[in-house]
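Undergrad: What follows is a predicted structure for the sequence shown.
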Amino acid sequence: MTAARKVLVTGGAGFIGANFVRYWSECYPSDRIIVLDALTYAGNLANLESVAAGDNYRFVHGNILDVATIDELMLGEQVDTIVHFAAESHVDRSIHEPDAFIQTNVIGTNNLLMAARKHWIDSDSGPAAHLFHHVSTDEVYGTLGPDDPAFTEQTLYAPNSPYAASKAASDHLVRSYHHTFGMQVTTSNCSNNYGPYQFPEKLIPLMIVNAVTGKPLPVYGDGSNIRDWLYVEDHCRGIDRVINQGQRGATYNIGGNNEWRNIDIVNQLCKSIDAAFEADDQLAAHFPDAPAAGGKKTESLITFVKDRLGHDWRYAIDATLAESELGYKPLESFESGFQLTLNWMLQNEMWWRAVMDGSYRDWISKNYSADD
Ligand code: NAD
Ligand code: TDX
């Protein structure tokens with residue numbers, strides 16, 4: 001059994017970060033978890049409600065662009081492990097406003113690395129036991145053609161969107177701190193996640209919300225683009241393996257071997273929603289604007305729209321290294337993970353209405369000061 005760690009989780013109020021904090025506090029209850037999150041539109045304290053009561057947990061409302069806050073936390077909490085999720089994460093937003101992506105994903109990551117170096121490597125007491133785990137994405141590898149092999153850890157970086165470019169830059173910075181300063185680092189590059197608490201700007205939660213509120217389901221281009229989907233808890237399990245068993249300085253791909261064309265996902269989702277409404281009369285009363293409430297097919301909402309600029313055609317992750325070296329395997333199939341996600345969205349209307357209509361943000365600014 002490892003000694004209790006002091007784990008700084010950046011971006012822990014976001015989708016994957018919050019799932020990770022819950023996962024980690026259940027698996028390693030003696031570890032102290034400090035969440036540092038700026039609570040951007042994507043961060044939500046409600047995502048952390050079930051862990052907030054624990055003694056071994058602290059939430060800090062702060063920004064990774066604020067060097068003094070990071071420094072204070074590193075020293076005050078004697079952090080020995082950083083798990084870095086904080087990022088601007090939505091490709092479409094990066095096309096419209098790339099600057100925030102450079103700030104948070106590149107400069108913010110460098111701020112964390114500089115603080116970690118100061119406290120772990122350059123401190124008067126000499127190098128301390130530590131780990132900086134960087135959470136990254138398959139998008140750094142660019143796009144694949146239909147017959148290309150899946151991305152491995154050896155695939156050359158070829159980021160195509162400002163989001164992917166900013167993540168690629170952060171991956172290189174992490175690597176350089178290992179090579180140059182001997183910092184103990186690991187990086188994981190994961191495929192598309194889905195599951196509870198995902199902000200409804202991303203494909204799966206957006207389509208579910210639109211389907212039950214009777215809004216168009218906007219499919220970019222012809223819907224033939226392919227993504228490789230992983231249930232969020234399986235991503236957390238992969239990160240766990242990398243943190244606990246991964247070679248320091250190494251990168252591991254994490255994925256679910258679950259390639260789907262976007263249009264097939266949307267069609268599947270429509271069928272599942274029709275089936276859910278047929279099985280449960282209450283849903284029609286609850287979501288009267290859904291086509292399924294009036295016995296119509298949800299697929300009638302599918303609308304092909306203008307394609308995303310520079311839209312990568314296919315992502316696919318080869319997770320052989322994580323499997324062979326770390327014994328990593330996802331537990332959920334796409335079908336089981338998808339059903340869990342749909343059920344969660346149907347049961348948590350309050351959550352998605354709050355994050356979408358901005359009332360949560362208003363609540364935060366009224367009730368949560370920057371000093372908390
Ligand atoms: P998200 O957008 O849901 O959450 C990001 C979190 O970071 C939010 O809580 C936000 O408030 C916080 N944040 C943003 N800027 C910050 C700043 N400057 N300082 C402090 N906190 C800040 O993102 P996600 O989907 O949970 O992704 C988490 C990480 O995983 C990201 O690094 C992303 O690149 C990576 N990733 C995501 C996916 C995916 O499918 N979503 C797949 C692979 C990798
Ligand atoms: O309305 C939509 N219609 C549509 O056709 C949206 C939001 C998306 N799409 C398409 C674009 C993509 O081909 O669906 C696919 C998935 O889109 P997103 O959910 O925006 O994800 P993607 O762009 O693939 O990036 C995601 O996976 C990798 C995450 O957002 C990133 O943070 C992660 O690094």
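TA: Noted; the coordinates are in hand. Ligands and ions are numbered 1, 2, ... in the order given.
Undergrad: Output the set of residues of this protein in proximity to ligand 2.
TA: Counting by C-beta under 6 Å from any ligand atom, the chain comes close to ligand 2 at 89-91, 137, 139, 192, 202-203, 206, 218-220, 225, 227, 262, 308. In short, each C-beta sits where N, CA and C put it, glycine included.
Undergrad: Would you mind listing the outside residues contacting the strand or helix carrying Asn189?
TA: Assigned by DSSP states H and E, Asn189 belongs to strand 185-190. Outside strand 185-190, the residues within contact range by C-beta atoms under 8 Å, 6 or more residues apart in numbering are 131-138, 140-141, 151, 153, 171, 174-175, 177-178, 230, 235, 238-239, 242-243, 246-255, 317.
Undergrad: gap between it and the chain center?
TA: 13 Å (C-alpha atoms, centre = their mean, to the nearest Å).
Undergrad: in the stretch 251-372 of the chain, which spans are strands?
TA: According to DSSP state E, counting those that start in this stretch, the stretch 251-372 of the chain carries its strands in the segments 251-254, 259-261, 302-305.
Undergrad: From the chain's centroid, how far away is stretch 252-260?
TA: On C-alpha atoms, centre = their mean, the centre of stretch 252-260 falls 14 Å from the chain's centre.
Undergrad: Same question for stretch 272-284.
TA: Centroid separation for stretch 272-284 versus its chain: 29 Å, with C-alpha atoms, centre = their mean.
Undergrad: export it as PDB, just CAs?
TA: The C-alpha coordinates for stretch 272-284 follow below in PDB (Å, rounded to 0.1, in the frame of the first residue of the first chain):
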ATOM      1  CA  SER A 272     -32.600   4.600 -27.600                       C
ATOM      2  CA  ILE A 273     -34.600   7.700 -26.800                       C
ATOM      3  CA  ASP A 274     -37.700   6.300 -28.600                       C
ATOM      4  CA  ALA A 275     -37.300   3.000 -26.700                       C
ATOM      5  CA  ALA A 276     -36.900   4.900 -23.400                       C
ATOM      6  CA  PHE A 277     -40.200   6.900 -24.000                       C
ATOM      7  CA  GLU A 278     -42.000   3.700 -25.000                       C
ATOM      8  CA  ALA A 279     -40.900   1.900 -21.800                       C
ATOM      9  CA  ASP A 280     -41.700   4.800 -19.500                       C
ATOM     10  CA  ASP A 281     -44.900   6.900 -19.800                       C
ATOM     11  CA  GLN A 282     -43.600   9.500 -17.300                       C
ATOM     12  CA  LEU A 283     -41.000  10.700 -19.800                       C
ATOM     13  CA  ALA A 284     -43.700  12.000 -22.200                       C
END
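Undergrad: any residues touching stretch 121-133, and which ones?
TA: So stretch 121-133 is contacted by 80-84, 112-113, 116, 119-120, 174, 177, 181-188, 239, 242-243, 248 (C-beta under 8 Å, 6+ apart).
Undergrad: Please repeat the previous calculation with a cut-off of 10 Å.
TA: Defining contact as C-beta atoms under 10 Å, 6 or more residues apart in numbering, one finds that stretch 121-133 is touched by 3, 5, 7-9, 74-75, 78-85, 109, 112-113, 116-117, 119-120, 174, 177-178, 181-188, 239-240, 242-244, 246, 248.
Undergrad: anything in that stretch near ligand 1?
TA: No: judged by C-beta under 6 Å from any ligand atom, stretch 121-133 stays clear of ligand 1, getting no closer than 11.3 Å.
Undergrad: Would you mind listing the buried residues in that stretch?
TA: Ile121, His130, Leu131, Phe132, His133 (16 or more other C-beta atoms under 10 Å).
Undergrad: Partner strands of the strand holding Asn189, with direction?
TA: strand 131-137 (parallel), strand 251-254 (parallel) (DSSP bridges).
Undergrad: wait, which of those is closest to Asp55?
TA: Asp55 lies closest to strand 131-137 among these, at 23.3 Å (C-beta to C-beta).
Undergrad: which stretches of the stretch 101-250 of the chain form strands?
TA: Counting by DSSP E, counting those that start in this stretch, the strands of the stretch 101-250 of the chain are 131-137, 185-190, 192-194, 217-220, 226-231.
Undergrad: ok, and does the second one reach over to ligand 1?
TA: Which is strand 185-190. Yes: applying C-beta under 6 Å from any ligand atom, one finds strand 185-190 touching ligand 1 at Cys190.
Undergrad: now do the last one
TA: No: Strand 226-231 lies apart from ligand 1 when judged by C-beta under 6 Å from any ligand atom; the minimum separation is 7.9 Å.
Undergrad: mean confidence score for that strand?
TA: Mean per-residue pLDDT for strand 226-231: 98.
Undergrad: Which helix or strand in the chain has the lowest average pLDDT?
TA: None of the helices or strands of the chain scores lower by mean pLDDT, DSSP states H and E than helix 359-367, at a mean of 57.
Undergrad: Can you tell me the closest non-neighbouring residue to whatever residue of the stretch 251-372 of the chain ends up closest to ligand 1?
TA: Nearest residue of the stretch 251-372 of the chain to ligand 1, counting by C-beta to the nearest ligand atom: Ile254, 8.2 Å away. Spatial nearest neighbour of Ile254, chain neighbours left out: Gly238 (3.7 Å); criterion: C-beta to C-beta, 6 or more residues apart in numbering.
Undergrad: Please apply the same query to Ile107.
TA: Leu65 (6.3 Å).
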